[in-house]
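> give me a model of this one.
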Amino acid sequence: MKAWVYAHHGNPVDVLKLESDVDVPQVKDDQVLIKVVAAGLNPVDFKRILGLFIEADSPLPTVPGYDVAGVVVKVGSQVTLFKEGDEVYGNINEKGLDHPKRYGTLAEYTVAEEKLLAPKPKNLSFVEAASIPLAIGTAYEGLEKTALSVSKSILVLGGAGGVGTFVIQLAKHVFGASKIAATSSSAKLELLKDLGVDLAIDYTKDNFEDLAEKFDVIYDSIGQSERAVKAIKEGGQVVTIEPLGDLTPPAFRFILTSSGAMLEKLNPFLENGKVKPVIDPRGTFPFSQTPEAFSYLQTGRVTGKLVIYPIP
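Modelled structure (predicted):
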């Protein structure tokens, strides 16, 4: 099969190579083989290629990629949830930074345990579905860990990013937060309001920690826990998803545990349109331009998500 492969760590533009003779991964008893239609990109992808998680990574050479939307073409002997021809989506790595798969999703085929997959929402395209799994899972698990509830306010740092856009929507429609604030650059404030934000903060003009208002929960998607802890109410919670760098108590960090069950729980919100994937205006790159997509992702200026599509 065709796949993007890196044999040593470095800048994705330099080390990613398109190979056409990569072995199709073997299907284990609890896995399915997926014909990849679209693959979502996440910051963890380029950080992994750069070699920032070497101690917990898998051996090289590696096909990168976590998020997939595609069609089941083969099932293992113990698989009961899916059959050939089913349209599925998911994050193929249960533990994001604990020896993720060597055969990722930037390839014509990938394998995943059935417990990590869910039926693709019927109203969404493969491109839209591929943009969802890791980001929505991270958003949902982080909100669960903060015990966000109907009576509580939340501030989302990095509200226009891949995770942030889902945090806002889940806080509003799933957790029922009483007030939602979020930060972004000037150009993205309208997007925040469209997603349901009550207070959109332009980080180029205002420091969120200087506001008179404090918050019950802060979801830090950009790694600013030192500032975030200054903006919580007494007894409030700060969760961060940035795996590297210092952490300022009482902020805490977590790494997503992926599951198909979580996606299935959220599918109704996706299918009724209350929660929508946000894809960057430049956000769909053909398979041949995967390195260019990584270059854009590394700028940190992406709105929502990037997706690789079509995949030959």
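
> and stretch 221-228, end to end?
End-to-end span of stretch 221-228 (CA to CA, to the nearest Å): 11 Å.

> outline the domain layout of the chain.
3-132+277-308, 138-253 (automatic domain parsing).

> mean pLDDT added to those, as a markdown table?
Listed next are those as a markdown table, based on pLDDT from 0 to 100:
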| stretch | mean pLDDT |
| --- | --- |
| domain 3-132+277-308 | 98 |
| domain 138-253 | 97 |
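
> wait, which of the ones you listed is closest to Phe269?
Among the domains of the chain, the nearest to Phe269 by CB to CB is domain 138-253 (5.8 Å). Bear in mind the C-beta positions are built from the backbone N, C-alpha and C, glycine included.

> got the end-to-end distance for the closest one?
11 Å.

> with stretch 122-132 instead?
14 Å.

> what separates it from the chain centre, distance-wise?
From the chain centre to the centre of stretch 122-132 is a distance of 13 Å (CA atoms, centre = their mean, to the nearest Å).

> so for that stretch, what gets flagged as buried?
124-132 (16 or more other CB atoms under 10 Å).

> would you state the helices of this structure in chain order?
Assigned by DSSP state H, the chain shows helices spanning 12-15, 43-50, 126-130, 133-146, 162-173, 189-195, 225-228, 260-271, 290-297.

> let's see the third one as PDB, backbone CA atoms only.
Meaning helix 126-130. This file holds the C-alpha atoms of helix 126-130, laid out as PDB (Å, rounded to 0.1, in the frame of the first residue of the first chain):
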ATOM      1  CA  PHE A 126     -15.700  11.200   5.800                       C
ATOM      2  CA  VAL A 127     -13.600  14.400   5.900                       C
ATOM      3  CA  GLU A 128     -15.800  15.800   8.700                       C
ATOM      4  CA  ALA A 129     -15.700  12.500  10.600                       C
ATOM      5  CA  ALA A 130     -11.900  12.200  10.300                       C
END
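
> which residue is nearest the centroid of the chain?
Ala135 (2.4 Å; CA atoms, centre = their mean).

> what pairs with the top strand by length along the chain, parallel or antiparallel?
Longest strand in the chain, counting residues (DSSP state E): strand 31-41. Sheet neighbours of strand 31-41, with direction, are listed as strand 67-75 (antiparallel), strand 109-113 (antiparallel), strand 305-308 (antiparallel) (DSSP bridges).

> quick one: it to helix 162-173, angle?
100 degrees (axes from the mean of the first three to the mean of the last three CA atoms, to 10 degrees).

> between strand 31-41 and helix 43-50, how many degrees?
Using the same axes, to 10 degrees: strand 31-41 against helix 43-50 is 90 degrees.
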